[in-house]
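1. Turn this into a structure:
(2 chains)
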Amino acid sequence: MKLIRVRALIRKETRQMLRDKSTLTLGVLLPMMLLLLFGFGLSVDVKGVHVTLARDNSSPVARDLYMNLKLSPYYFTPTIADSWHDAEAMLRSGETKAIVRVDKDDGIQIIVNGRDSNTARIMLRYLEGAVSLWSSATTQPLITAESRVWYNSALESRYFLVPGVTVLIMTLIGTLLTALVMAREWERGTYEALAATPVSRFEILIGKIVPYFALGMVGLSLCLATSAWVFDVPMRGSLALITAGSAIYLLVSLGIGLFISAVVKKQFKAGQIALIFSLLPTMMLSGFVFDLRSVPVVAYYIAHALPATWYVDMLQTLFLVGNIWLPTVRDMLVLSAFAVLLMGLAISNIRKALE
Amino acid sequence: MEATFALLAENISKSFKLNTGRTLKALDGVSVSAKAGGLTALVGPDGAGKTTFLRIVVGLLKPEGGTLSFPSMPTVDIGYMPQQFGLYEDLSVQENMDLYADLHGVMEREERYSALLAMSGMEGFRERLAGDLSGGMKQKLGLICTLIQPPKLLLLDEPTVGVDPLSRRELWKMIEQLSGGSEGMSVIISTSYMDEAEKCGEVALFFEGKVLASGPPESIRRMADGMGHIVHPAAGDTPRSLGARLLSARGVIDAVPKGGAVRFVSDGPLADEGALRGAKVESTPVGLEDGFMLLLHKTASGSSQSQDQPDDQPPKKKDETRPPPHLDSSGEFEIETQHVFRYFGSFAAVNDVSFSVRKGEVFGLLGPNGAGKTTTFRMLCGLLSASKGSLRVAGVDVGSGTSAARKEARRHIGYVAQKFALYGPLSVRENLEFFAGAYGLRGKERDRRVMDVTVNFSLRGQMDTAAGDLPGGYKRRLAMAAALMHEPSVLFLDEPTSGADPLARREFWRQISDIAEHGVTVVVTTHFMEEAEYCDRVMIQDRGRMLAIGTPAELRARVASPDATMEDAFIDIVTKARTNDEADQS
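-> Here you go, the predicted structure:
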């Protein structure tokens, strides 16, 4: 390996990267968009639910409950309907998501629009909580359960999603971009000219990795900065650990991209494969959106064969819990093993010969 | 003795596994030697094994058998410029040079840069992005990058493919300087141009993975000694159709129109005197190309399958005595354009072009890269609208006309794109049926037309082959068959012979000749100047403007020299116009 050659390759790659608008769009603009989109747009929290209070009599109970819902920590937007009939019409038209009915005898019934089962379950629990809070204030209960939520005490799904998006972005930059750039060398015939120079395949690989690793780290800093200052995600673990773990994952992801393009040699195919075998599983199976404990066994094992799963686990732990050494070190070791394996595969498939 | 060779390759073999599971023998016991300090040419049709051979020499492929040695080089030092040279288009000329200098570990580079840039006439372009260079300049830059660290042995794989005649001359000047220069470089170059091979000390003729002959050009030329003839067409006949008839006559190895006459090679007296229609035959000296055609012909007729010379020749037409074709001189024009302009932004890609093409005429559009040929073409086909001026094709206004008018015009137009628009995974039959359907043919009518074009283009043996697996010559035929499916009155072909070897090109022009005799107007663009001889009239374009129009004879007559070739005429016309331009500007 000669430094002058590696430097020349890195410089060439960096120039190409900076001049190619699509690379920068994909590497910087898209991550920011994804982060903002997921951070603000995708939330599995149930907030500001529109609830209609249907009262069948004019007892003060309904009035009291209304005030309580309005002030409850779950943050409802209640309205009052003067008849069951009106309330039902509102539910039907989608104006309201749930009805709390106070009947003639001050009995209470909760009705929830169950179309989206997840949201419905959460609404139901919130409403039950609010109602029982209200009733416990009026009557003296025998036992009071004091509940606490740890690690994400505000139950903000954003806290859990934003680290996940970071994983997605690292995968995008690492895999998709490198899969395309290496395949481009094949397609444009530049690879044949390179191969005829004294350059070794290891040098070619280093020349590809360094600039995209740098771009990935820029993407990572953007993600971290956004999560800290825009979304106020707590960062309980150390920044150094987060960075180190992300760097390892970035190498894994670069390895996948280089491996794909060394094998298929066509930009279009490389892009497709990167999307289908890397980006989609990362979204669906890494535990970034869907909790892996509730997936079927097969999916569970598939998920754990994906490097992204380990990275998601590590990031969520580091962000929300803190420096917990055992799982963090385990995740890092698994990721390092993936990195070594994939880089090895990439280099053994980048042949200098054209066979 | 041995030390005088830069390369001794003996008995090299190499085969590839195809996707279909078959094995292709790319090289079958090839032996080539290249003299140190000399210029050696590898010639032969596409797919003959030239590129595979060069890749083996440079070490990118491993041979299955045979030996390679480099007697004149104590340490192996080879420079290689692949066919599609890997320039980074988003890097500037300077940055590309720097990259290759670094990769080769060249430290003292500034002097080398200036020398190479001066030699190629590219001093002013250091800051230009490689992607913005013309085709010829890209090739020159590729050569420069290969030469930054001057190798002892330089391998060039078809460096002049797709390069216009002007740039081709400049590139050759560079190559000749290298091999003859003080650096004493040995050069091996593969090419499909015979005039280039003639400039080399040694040539090796590749064919289907074997070397048919090698030696000095003179030795190969001499094989055809005494076989060269020239014949002037009788009154009412044209060189093109005479040439086509001669090619199908027995004993004729090669026939091409040249300077208003037909030059042909035959190994013996002409058996079929009828093809001449009474014209008188004189003998003429032969060249290297004739020797090659003779060798190829012998081998091709011996082996059962040659890709471009179909063994299932189109059935001989019964009306052999059909009167020679006449151009419709009634003044009826199939294509008329007047003062056509086309701007892209402020850049005039086509600048005030006017011409007309008569029914049944074969009309050629010539010009260097970026001359505006393709833009002109696209406007004629109704694929692009004109910024100004009028274009009428088959009686329809396609320039400014409505989209309905253009649609109407397309019913009379057949178009063969440069990269034949075929569906690779579909079979020949499926492709033909698809195009028939696209032109609105159904039922019996469709079957009849598919049958017709199948017969006319001798595709019957390949009906179930996937189009993507066809050899180049068959692809071209299939593309033409598809374009003629709806019996258009005008056929447009964009660079149909680009990248084709001489055999395939002869075959192509014979088909064009046939099509024209059936009254179809043919408009064709080409890089090969000698192909202009097949055209009834040609137009030369450069930098968007029309420089000259006329019959090949008229254009040749513009050059003072009596035996000027079409290429001389072309270069003369283009350089004169450019010099005038520059004079106007200063």
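2. who touches residue 66 in this structure?
-> With no chain named, the answer covers chain A. A:53, A:78, A:80 (Cβ atoms under 8 Å, 6 or more residues apart in numbering or on different chains). All C-beta spots, glycine's among them, are computed from the backbone N, C-alpha and C.
3. right idea, wrong chain: chain B
-> With Cβ under 8 Å, 6+ apart, B:Gly66 has these contacts: B:9-13, B:29-31.
4. Now tabulate the residues you listed in a markdown table and tack on distance to B:Ile230.
-> As requested, these are exported to a markdown table (distance: Cβ to Cβ, whole Å):
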| residue | distance to B:Ile230 |
| --- | --- |
| B:Ala9 | 39 |
| B:Glu10 | 41 |
| B:Asn11 | 41 |
| B:Ile12 | 40 |
| B:Ser13 | 42 |
| B:Gly29 | 38 |
| B:Val30 | 36 |
| B:Ser31 | 36 |
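5. Is there a quick PyMOL command that grabs whichever of the residues you listed are buried?
-> For the buried members of the contacts of B:Gly66, the matching PyMOL selection, counting by 16 or more other Cβ atoms under 10 Å in any protein chain shown, is:
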select buried, chain B and resi 9+12+13+30
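6. Next, the buried residues of stretch A:254-270.
-> Buried-residue list, stretch A:254-270, by 16+ other Cβ under 10 Å: A:254-265, A:267, A:270.
7. can you tell me which of the contacts of B:Gly66 are in strands?
-> B:9-13, B:29-31 (DSSP state E).
8. which element is A:Ala54 on?
-> Applying DSSP states H and E as the criterion places A:Ala54 in strand A:49-55.
9. Now list the buried members of the contacts of A:Tyr66.
-> Applying 16+ other Cβ under 10 Å to these, the neighbour count classes A:53, A:78 as buried.
10. Dump the contacts of A:Tyr66 to a markdown table, plus distance to chain B and pLDDT.
-> Output for those, formatted as a markdown table (distance: Cβ to the nearest Cβ, whole Å; pLDDT from 0 to 100):
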| residue | distance to chain B | pLDDT |
| --- | --- | --- |
| A:Leu53 | 62 | 82 |
| A:Pro78 | 59 | 82 |
| A:Ile80 | 61 | 83 |
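11. which one of the contacts of A:Tyr66 sits closest to B:Ser458?
-> Among those, A:Pro78 lies closest to B:Ser458 (Cβ to Cβ), at 83.1 Å.
12. residue ranges of the strands in the stretch 301-450 of chain B, please?
-> B:333-344, B:347-358, B:362-366, B:388-393, B:396-397, B:413-416 (DSSP state E, counting those that start in this stretch).
13. helices or strands up against the third one?
-> Packed against strand B:362-366 by the contact rule (3 or more Cβ pairs under 8 Å, 6 or more residues apart in numbering or on different chains; DSSP states H and E) you find helix B:373-380, helix B:502-517, strand B:521-526, strand B:537-542.
14. in its sheet, what does it sit against?
-> Sheet pairing of strand B:362-366 (DSSP bridges) gives strand B:521-526 (parallel), strand B:537-542 (parallel).
15. now the second one
-> Under the criterion DSSP bridges, strand B:347-358 sits next to strand B:333-344 (antiparallel) in its sheet.
16. And the partner strand, what's buried?
-> Using 16+ other Cβ under 10 Å as the test for burial, strand B:333-344 gives B:333-335, B:337, B:340, B:342.
17. repeat for stretch B:276-287
-> B:276-277, B:281, B:284, B:286-287.
18. for stretch B:385-404, same thing?
-> Per 16+ other Cβ under 10 Å, stretch B:385-404 contains these buried residues: B:386-387, B:389-394, B:396-399, B:401.
19. Could you restrict these to the ones contacting chain A?
-> The overlap between the buried residues of stretch B:385-404 and the neighbours of chain A (Cβ under 8 Å from any Cβ of the partner chain) is empty.
20. quick one: which of these is nearest B:Val574?
-> For these, the nearest to B:Val574 is B:Gly389 (23.0 Å; Cβ to Cβ).
21. From chain A, how far out is that closest one?
-> 35 Å (Cβ to the nearest Cβ, to the nearest Å).
22. repeat for B:Asp195
-> Distance from B:Asp195 to chain A, by Cβ to the nearest Cβ: 26 Å.
23. Look up the pLDDT of that residue for me, please.
-> Predicted confidence (pLDDT) for B:Asp195: 83.
24. Quick check: it is in a strand.
-> No. Assigned with DSSP: H, G, I helix; E, B strand; the rest coil, B:Asp195 falls outside any strand and is helix.
25. Is A:Ser246 in contact with A:Ile169, as I believe?
-> No. A:Ser246 is beyond contact range of A:Ile169, at 10.1 Å (criterion: Cβ atoms under 8 Å).
26. With neighbour numbers in mind, choose between the two.
-> A:Ser246 (26 against 23; other Cβ atoms under 10 Å in any protein chain shown).
27. what packs against the strand or helix carrying the more buried one?
-> Secondary-structure element containing A:Ser246, defined by DSSP H and E: helix A:239-264. Packing contacts for helix A:239-264, counted by 3+ Cβ pairs under 8 Å, 6+ apart, involve helix A:157-171, helix A:178-187, helix A:201-225, helix A:267-274, helix A:307-316, helix A:325-349.
28. Look up how far B:Phe363 lies from the residue nearest the centre of chain B.
-> Nearest to the mean C-alpha position of chain B, by Cα atoms, centre = their mean, lies B:Ser498 at 3.7 Å. Separation of B:Ser498 from B:Phe363 (Cβ to Cβ, to the nearest Å): 18 Å.
29. cool, B:Arg476 as well?
-> Following Cβ to Cβ, the distance that separates B:Arg476 from B:Phe363 is 19 Å.
30. tell me the pLDDT at whatever residue of the stretch 201-350 of chain A ends up closest to chain B?
-> Proximity of the stretch 201-350 of chain A to chain B (Cβ to the nearest Cβ) peaks at A:Glu203, 8.8 Å away. A:Glu203 is assigned a predicted lDDT (pLDDT) of 89.
31. B:Ala577: which element?
-> helix B:566-585.
32. helices or strands next to that helix in the packing?
-> Helix B:566-585 packs on helix B:165-180, strand B:537-542, strand B:545-550, helix B:552-556, going by 3+ Cβ pairs under 8 Å, 6+ apart.
33. so which of these is the most packed in?
-> When the helices and strands packed on helix B:566-585 are scored by mean count of other Cβ atoms under 10 Å in any protein chain shown, the highest mean neighbour count falls to strand B:537-542 (a mean of 24).
34. What lies in contact with that strand?
-> B:353, B:355, B:357, B:361, B:363-368, B:371-373, B:376, B:532, B:546-552, B:555, B:570, B:573-574, B:577-578.
35. got the angle between that strand and strand B:545-550?
-> Strand B:537-542 runs at 160 degrees relative to strand B:545-550, counting by axes from the mean of the first three to the mean of the last three Cα atoms, to 10 degrees.
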